[in-house]
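Enquirer: structure for this input, please:
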Amino acid sequence: MSNIDYKKISDQPEFEALLRKRNKFILPISIFFIIATLIFPVLTGYTDLLNYEAFGNISWAWIYAIMLFIMVWTLVTIYMKRAKEFDKEADEIIRKYREGEYK
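Expert: Next up, the predicted model:
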């Protein structure tokens, strides 16, 4: 296994572009997750908005809670697909480094 100069790789425009792309994806999805998750206890603890029946004996609080589970699974699935793309780009950057393209 060869030694890798991570400082040299981190200085490359391709690596910086990959970081910007990854952060541009992660930041909004993280903010959305945090807000959607934190709104639930606020709505249940400080308002009666979710206490009303959605249908039958099921209140909106139950609907919101179920939607949180669906949201988490959806976000994880989206993240996993995008992470594979990011990994491929990172592998390509490392390949270029090993082939001596970065001076």
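
Enquirer: in which helix or strand would I find the spatially most central residue of the chain?
Expert: In the chain, the residue lying closest to the centroid (CA atoms, centre = their mean) is I26, at 4.2 Å. Assigned by DSSP states H and E, I26 belongs to helix 13-46.

Enquirer: got a list of what Y52 touches?
Expert: Residues near Y52 by CB atoms under 8 Å, 6 or more residues apart in numbering: 59-60. Where C-beta positions appear, they are placed from N, C-alpha and C, glycine not excepted.

Enquirer: quick check: it vs G45, distance?
Expert: Distance, Y52 to G45, using CB to CB, to the nearest Å: 16 Å.

Enquirer: tilt between the helix or strand harbouring M80 and helix 13-46?
Expert: Using DSSP H and E, M80 sits in helix 60-98. If you take axes from the mean of the first three to the mean of the last three CA atoms, to 10 degrees, helix 60-98 sits at 170 degrees to helix 13-46.

Enquirer: against which helices or strands is helix 60-98 packed?
Expert: helix 6-10, helix 13-46, strand 53-55 (3 or more CB pairs under 8 Å, 6 or more residues apart in numbering; DSSP states H and E).

Enquirer: nearest to R98, of these?
Expert: Closest approach to R98 among these is made by helix 6-10 (10.2 Å; CB to CB).

Enquirer: run through who's touching the closest one.
Expert: Residues contacting helix 6-10 (CB under 8 Å, 6+ apart): 15-16, 93-94, 97, 102.

Enquirer: I'd like the distance from it to the chain centre, please.
Expert: 24 Å (CA atoms, centre = their mean, to the nearest Å).
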